[in-house]
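Visitor: What shape does this take:
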Amino acid sequence: MCFCIVSGCEASLNLTFQKATDTVNDIFKSLKEVARARMHMKRFSSVYIPGSNTHQASYKPLLKQLVEEIFNPGHQSDPTDIEHMSSGLTDLLKTGFSMFMKVSRPHPSDHPLLILFMVGGVTAFEVKMVKDLIATQKPSVQVIVLYSTLLTPLNIPELLFATDHLQPDIGI
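Guide: Model (predicted):
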């Protein structure tokens, strides 16, 4: 059923070899575009953890990587892919003086409230994973996870592969 949604066929009986081949090529094109969009990142460029002789390959969600980067107790240096944006005059002055003095930027884990907004959505598993990570690593911090949609296993392939991202439907 999912392949029919991605291929545009109403029923699997209408699926031809050519449509299937074109659909698979489009799927791999979309996956390459997703990988290319994250190539500039230093730490969050992949969700794939390669295996070794003793461990099998695994999947590490981007949201888990992000939360671990923020709350890793032994890693209090400036996060490489997370950028602090100055919000007021005092912050702007501190940022300006940091060129002349050794002033460190605030770290996201220094604050009692962290707001994460995930464009494209999250799964219920990812929200629970963030809750569990925060409870074990820094229970004094309140984390609010906002998202554009709650993803289900059935709508992920449709959103990823069947949506034309270059010509979005804006309702006009």
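Visitor: Could you pull out the strands in this protein for me?
Guide: 48-49, 58-59, 113-118, 122-123, 142-147, 150-151 (DSSP state E).
Visitor: In the chain, where is pLDDT below threshold?
Guide: The model of the chain has pLDDT under 70 over residues 1-13, 73-107, 161-172.
Visitor: mind listing the helices for it?
Guide: Applying DSSP state H to the chain gives helices spanning 2-7, 17-37, 62-71, 89-97, 124-137, 155-157.
Visitor: Just send those back as JSON lines, with mean neighbour count and distance to L116 too.
Guide: Where C-beta positions appear, they are placed from N, C-alpha and C, glycine not excepted. Putting these into JSON lines (neighbours: other Cβ atoms under 10 Å; distance: least, Cβ to Cβ, whole Å) gives the following:
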{"stretch": "helix 2-7", "mean neighbour count": "17", "distance to L116": "28"}
{"stretch": "helix 17-37", "mean neighbour count": "12", "distance to L116": "19"}
{"stretch": "helix 62-71", "mean neighbour count": "19", "distance to L116": "7"}
{"stretch": "helix 89-97", "mean neighbour count": "12", "distance to L116": "20"}
{"stretch": "helix 124-137", "mean neighbour count": "14", "distance to L116": "7"}
{"stretch": "helix 155-157", "mean neighbour count": "14", "distance to L116": "19"}
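Visitor: Turn the ones you listed into JSON lines, columns for distance to L114.
Guide: Output for those, formatted as JSON lines (distance: least, Cβ to Cβ, whole Å):
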{"stretch": "helix 2-7", "distance to L114": "34"}
{"stretch": "helix 17-37", "distance to L114": "24"}
{"stretch": "helix 62-71", "distance to L114": "7"}
{"stretch": "helix 89-97", "distance to L114": "17"}
{"stretch": "helix 124-137", "distance to L114": "8"}
{"stretch": "helix 155-157", "distance to L114": "25"}
